[in-house]
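1. Give the three-dimensional model of this entry:
(chains A and B)
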There are 2 protein chains.
Amino acid sequence: MVREFHPPARILMGPGPSNVDPRVLLAMAKPLVGHLDPEFIQVMNNLSALLGQMFGTRNDLTISISGTGTSGMEAALVNVIEPGDRVLVCINGFFGERMADIAGRCDANLRTLSAPWGQAFDLAMIEKELRAFHPRVLAIVHAETSTGVLQPLEDFPKMLKDFPDTLLLVDAVTSFGGLPLRIDEWGIDICYSGTQKCLSCPPGLAPITFSPKAVEKIKNRTKKVQSLYLDMNMLGKYWGSDRTYHHTAPVSMNYALLEALRIIDEEGLAKRYERHRRNHLALVQGIEAMGLKMLVAKPHRLWSLNTVSIPDGIDDGQVRKTLLEEYNLEIGGGLGVLKGKIWRVGLMGYSSSQANVLYFLTVLEETIREQGFEVPKGSGASAAREFYAKNS
Amino acid sequence: MVREFHPPARILMGPGPSNVDPRVLLAMAKPLVGHLDPEFIQVMNNLSALLGQMFGTRNDLTISISGTGTSGMEAALVNVIEPGDRVLVCINGFFGERMADIAGRCDANLRTLSAPWGQAFDLAMIEKELRAFHPRVLAIVHAETSTGVLQPLEDFPKMLKDFPDTLLLVDAVTSFGGLPLRIDEWGIDICYSGTQKCLSCPPGLAPITFSPKAVEKIKNRTKKVQSLYLDMNMLGKYWGSDRTYHHTAPVSMNYALLEALRIIDEEGLAKRYERHRRNHLALVQGIEAMGLKMLVAKPHRLWSLNTVSIPDGIDDGQVRKTLLEEYNLEIGGGLGVLKGKIWRVGLMGYSSSQANVLYFLTVLEETIREQGFEVPKGSGASAAREFYAKNS
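-> Numbers count the residues shown, from 1 in each chain, chains lettered A, B, ... in the order given. Predicted coordinates:
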């Protein structure tokens, strides 16, 4: 007999999932309605409206994909790429690599542009490739979950003005809901995210939006989208006025997302971004006061995901194990080339709080001191507290 | 401002979702742990074990896909089909058509075999095609959700003994957990389902299993699986001992599935199947006593999904609207060629109860009488009650 599962009370400060507001958890405990019930269709309409507002877009085709953030990435790419299409993918981390992997599976004419993991792209570099390659799709990560890098996108419309046929495709899995993201203003044609990061909703859905230009490309495909499950021509009819059956929407997950978006709406985006910024800055103060270093240069740090370089002589696995087992605190390790070299410390949505910042600094200090890293007692938490006091 | 969603108390007797045990709803309200947390890995191990037990299989690769039943169908097909592979799809309903659609998107060398919607396949017919076409994959629907037809599979091992290279791929979305399904005994190589039918868990996951022969085919692919999200070579490593990050598993949905499977385990499969059979038979008694007709011939009726022919002169949409709005009761309409011709009445999992059978018969009678269909008062419910009394 398998026993009932009673989860431990984890503080989730990894790369996602983040902790979830009890209001969102309770929304999932509500009884189900059918996926074509008029009441559920109202839920879908409200989701679409709230997501559009948060994305900063008027795009009609703004929905939640019935899968995790990775399915959002796949939906974004497979819909707009046809075999042979020129696709330029910018890679400065694990998720850029993954976009290239998926574009390859679409038989794209693929070109990749690389920057070191931990750095953002310089626009001149991208522009040069655009002129040489004239891609149909330019794919880039706004918030690289593997490195903690924020890619500025404000100047993309200027860069792309000579490329009216190029679709700009952006991964915003770790920024959506935590940092400014302006789809229409920044000329983004396709953008996806996940629910378990700055939205603080459990994993399982992927918000996504397509501009009219992207929709046009999808409608005029000569070959069917290679994924039926993620085929936006079909999904658009389910979310649109037709309401044609496509799949059975994850009803409870959509309840959760609606409640999570309502909470964000109540807080207000500007206040929410500022909260993420403030807690991030406090964390950085503490980290640096302890003699540790951030991986990413100041202008390109994500507020939602802080990457801390692991000092020489410190055992990554042992630290994370201690934090989890003794302090119920989850942080993430590095991926790919950064494995063993960084910790990924999330401050996302509900998890982005002063309490979490101070707790993390306190227990990290204790844990690395046990491994012989010399750090003045209370230095991290004390620096963060000072920052909060000055910026209240 | 979007208001909090308070779902109406629907009785779900459509083609899914079915009603969910409050224990399962409450499981989703439990706090989250990370998707790589040792405690969550234990949840995954337990899920895999319970699913294997229910599938009647020793297959190692038995997991829940992080998407709905349709993603399960796609995962089943895209993993074992490479471009040019001979694939034979048996079509006697909407979901057979859909399998052929997906196989086409895999660039399969596709052949389809059709039977009328509402009928099962005769094995001689399939065997003839097998001999002529020697497919690498034979795909068939065990429980056609669009028609209510059960396809007997017991004799497939005998039929397939001369075709050692053929993989048998079965859609069990509407049978899994409600009717006998024996993966190993029936020689099924790939089988998928959904959570929102006879498992009575919310929609959002797709249980799936692959035989060693299917795994061999996937490992030896020369071309990558066209879906990264559903790539079993990667998913196998996440669910296997490697625990390599692939995607962020929908933590809360997996809590729900675990609790749903625990409930099934407590009831016992034999008792559960018998409950589904009994309520189905009672419903049929009632339907026929009212002068209505079942679409499917007796030997091929699903216990979980009952398809009732709509009598001439009855307005399908109006009946379903009345049931939903006045009686909070959801039943399904027909799909494709059966649109407007049948009702699909689910008796799945938690929704398969004597109370639901009697309530449905009572309110249906009332509703069709209002539309001028002559039916003796109380005839349906009374016949069902008699059946229950005789078979208690």
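2. State the number of residues packed around residue A:312.
-> If you count neighbours by other Cβ atoms under 10 Å in any protein chain shown, residue A:312 ends up with 6. Glycine gets a C-beta too; all of them are placed from N, C-alpha and C.
3. what's the answer for residue A:353, then?
-> Count around residue A:353 with other Cβ under 10 Å applied: 15.
4. What distance do you get for it to chain B?
-> For residue A:353, the distance to chain B equals 15 Å [Cβ to the nearest Cβ, to the nearest Å].
5. For that residue, give me its contacts.
-> Residues near residue A:353 by Cβ atoms under 8 Å, 6 or more residues apart in numbering or on different chains: A:279, A:347.
6. any idea of the pLDDT on it?
-> At residue A:353, the model reports a pLDDT of 98.
7. Identify the residues contacting residue A:43.
-> A:254, A:255, A:258, B:5.
8. These in helices, which ones?
-> Under the assignment DSSP state H, the contacts of residue A:43 contribute A:254, A:255, A:258 to helices.
9. Let me know the closest of those to residue A:158.
-> residue A:258 (36.4 Å; Cβ to Cβ).
10. surely that closest one meets residue A:50?
-> Yes. Using Cβ atoms under 8 Å, residue A:258 is in contact with residue A:50, at 7.5 Å.
11. Compare these two and say which one has the larger neighbour count.
-> Set residue A:258 next to residue A:50 and count neighbours by other Cβ under 10 Å: residue A:258 wins out with 24 against 20.
12. element containing the residue nearest to residue A:230 when sequence neighbours are not counted?
-> Using Cβ to Cβ, 6 or more residues apart in numbering or on different chains and skipping the chain neighbours, the partner closest in space to residue A:230 is residue A:75 (4.0 Å). Assigned by DSSP states H and E, residue A:75 falls within helix A:69-80.
13. tilt between that helix and helix B:69-80?
-> 70 degrees (axes from the mean of the first three to the mean of the last three Cα atoms, to 10 degrees).
14. Can you name every helix or strand that the next helix or strand after helix A:69-80 contacts?
-> Next helix or strand after helix A:69-80 toward the C-terminus (DSSP H and E): strand A:86-91. Where contact means 3 or more Cβ pairs under 8 Å, 6 or more residues apart in numbering or on different chains; DSSP states H and E, strand A:86-91 is packed against helix A:94-105, strand A:109-114, helix A:123-133, strand A:137-141.
15. Run the chain-centre distance for the last one.
-> What it means is strand A:137-141. Remark: strand A:137-141 is offset 15 Å from the chain centroid, using Cα atoms, centre = their mean, to the nearest Å.
16. now the first one
-> A distance of 16 Å separates the C-alpha centroid of helix A:94-105 from that of its chain, computed with Cα atoms, centre = their mean.
17. Could you measure from residue A:175 over to residue A:141?
-> With distances taken as Cβ to Cβ, to the nearest Å, residue A:175 is found 9 Å from residue A:141.
18. Are there helices or strands packed against the lowest-mean-pLDDT helix or strand in chain A, and which ones?
-> In chain A, no helix or strand scores lower on mean pLDDT, DSSP states H and E than helix A:232-239, which sits at a mean of 95. The contact analysis (3+ Cβ pairs under 8 Å, 6+ apart) places helix A:232-239 against strand A:61-65, helix A:212-219.
19. let's see 10 Å
-> When contacts are defined as 3 or more Cβ pairs under 10 Å, 6 or more residues apart in numbering or on different chains; DSSP states H and E, helix A:232-239 sits against helix A:38-55, strand A:61-65, helix A:69-80, strand A:206-210, helix A:212-219.
20. Buried residues, that helix. List them.
-> Under the neighbour-count criterion of 16 or more other Cβ atoms under 10 Å in any protein chain shown, helix A:232-239 has A:232, A:234, A:235, A:236, A:238, A:239 buried.
21. With distance to residue B:266 as extra columns, can I get those in CSV?
-> As requested, those are exported to CSV (distance: Cβ to Cβ, whole Å):
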residue, distance to residue B:266
A:232, 42
A:234, 38
A:235, 37
A:236, 42
A:238, 36
A:239, 38
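22. Pick the one among these closest to residue A:64.
-> Of all the buried residues of helix A:232-239, residue A:239 has the smallest distance to residue A:64: 8.9 Å, by Cβ to Cβ.
23. got a list of what the closest residue in space to that closest one that isn't next to it in sequence touches?
-> Nearest non-adjacent residue to residue A:239, counting by Cβ to Cβ, 6+ apart: residue A:63, 4.6 Å away. Residues near residue A:63 by Cβ atoms under 10 Å, 6 or more residues apart in numbering or on different chains: A:44, A:47-48, A:51-52, A:75, A:205-210, A:232, A:235-236, A:238-240, A:249.
24. again, but for residue A:332
-> Shown in contact with residue A:332 (Cβ under 10 Å, 6+ apart): A:12-16, A:145-146, A:305, A:307, A:320, A:342-346, B:34, B:36, B:245.
25. so how far does stretch A:320-339 reach from one end to the other?
-> 13 Å (Cα to Cα, to the nearest Å).
26. Stretch A:262-272 too?
-> 13 Å.
27. gap between it and the chain center?
-> Counting by Cα atoms, centre = their mean, stretch A:262-272 comes out at 17 Å from the chain centroid.
28. And the contacts of it?
-> A:21, A:23-24, A:27, A:46, A:50, A:53-54, A:56, A:177-181, A:198-201, A:273-275, A:349-350, A:352, B:1-5.
29. just checking, which of those residues belong to helices?
-> A:23, A:24, A:27, A:46, A:50, A:53, A:54, A:273, A:274, A:275.
30. Could you point out which of those is nearest to residue B:116?
-> Of the ones in helices among the contacts of stretch A:262-272, the one sitting nearest to residue B:116 (Cβ to Cβ) turns out to be residue A:46, at 41.7 Å.
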